[in-house]
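*Asks:* Predicted structure and sequence below. I'll ask about it afterward.
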Amino acid sequence: MFSLSRLARLTPRRLLHSLDEADALRTEVDRLRTRVQQLVAAHETTEKTTVRLRDALATFEPIPTAEHVAAAVAAARLEEDPFPHLVIDSLLPPESYDRLVKQMPAAGAAHWKLQDKDPQ
């Protein structure tokens with residue numbers, strides 16, 4: 001903090017420079033505050049989605065699901081174009097897939113919105 005006597009000794013040029021620095025700092029604080037709010041919102045959404053997906057997965061019947069997955073993988077086909085890869089149709093039983101889809105955030109939810117990458 002500046003005392004009044006120190007403030008009175010500042011030249012107009014130094015005072016303007018100090019005010020410019022204060023404005024730049026205020027702008028940076030505002031930017032960081034916005035970024036923190038974005039990160040908190042993304043974390044909260046991710047946490048809620050994780051809980052919902054975990055709950056949905058807990059309702060799967062392990063043996064029938066495993067049998068279905070094994071059959072789907074066994075029936076997979078190899079595609080060569082545009083590069084070699086497997087295509088597995090209906091990996092999950094339809095009811096399991098439906099439960100997972102219901103637990104995912106909506107397409108327009110903040111969870112899916114691309115955030116600006118901050119190099120810091």
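*Replies:* Ah, there it is. Residues are numbered from 1 along each chain as shown.
*Asks:* Which stretches in this structure count as strands?
*Replies:* 77-79, 85-87 (DSSP state E).
*Asks:* V69 is nearest to which of these?
*Replies:* With Cβ to Cβ as the measure, strand 85-87 is the member of the strands of the chain nearest V69 (13.2 Å). (Each C-beta comes from the backbone N, C-alpha and C, glycine too.)
*Asks:* So which of the strands of the chain is nearest D23?
*Replies:* For D23, the closest of those is strand 85-87, at 54.1 Å, according to Cβ to Cβ.
*Asks:* in its sheet, what does that closest one sit against?
*Replies:* As defined by DSSP bridges, the strand partners of strand 85-87 come to strand 77-79 (antiparallel).
*Asks:* which stretches of the protein aren't confidently modelled?
*Replies:* By pLDDT under 70, the low-scoring segments of the chain are 1-2, 7, 110-120.
*Asks:* mind checking the longest helix of the chain?
*Replies:* helix 12-58 (DSSP state H).
*Asks:* For it, enumerate the helices and strands it packs against.
*Replies:* Applying 3 or more Cβ pairs under 8 Å, 6 or more residues apart in numbering; DSSP states H and E, we find helix 12-58 packed against helix 94-103.
*Asks:* Out of the strands of the chain, which gets nearest to A22?
*Replies:* Of all these, strand 85-87 comes closest under Cβ to Cβ, at 56.7 Å.
*Asks:* distance between that closest one and the chain's centre?
*Replies:* 28 Å (Cα atoms, centre = their mean, to the nearest Å).
*Asks:* Repeat that for stretch 60-69.
*Replies:* With Cα atoms, centre = their mean, you get 30 Å for stretch 60-69.
*Asks:* would you put the C-alpha positions of it in PDB?
*Replies:* Extracted in PDB, the C-alpha atoms of stretch 60-69 (Å, rounded to 0.1, in the frame of the first residue of the first chain):
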ATOM      1  CA  PHE A  60     -25.200 -54.600 -14.800                       C
ATOM      2  CA  GLU A  61     -25.500 -58.400 -14.400                       C
ATOM      3  CA  PRO A  62     -21.800 -59.400 -14.800                       C
ATOM      4  CA  ILE A  63     -22.200 -62.900 -16.200                       C
ATOM      5  CA  PRO A  64     -24.800 -62.200 -18.900                       C
ATOM      6  CA  THR A  65     -23.000 -58.900 -19.800                       C
ATOM      7  CA  ALA A  66     -19.700 -60.700 -20.100                       C
ATOM      8  CA  GLU A  67     -21.200 -63.400 -22.200                       C
ATOM      9  CA  HIS A  68     -22.700 -60.800 -24.500                       C
ATOM     10  CA  VAL A  69     -19.400 -58.900 -24.800                       C
END
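*Asks:* Thank you, goodbye.
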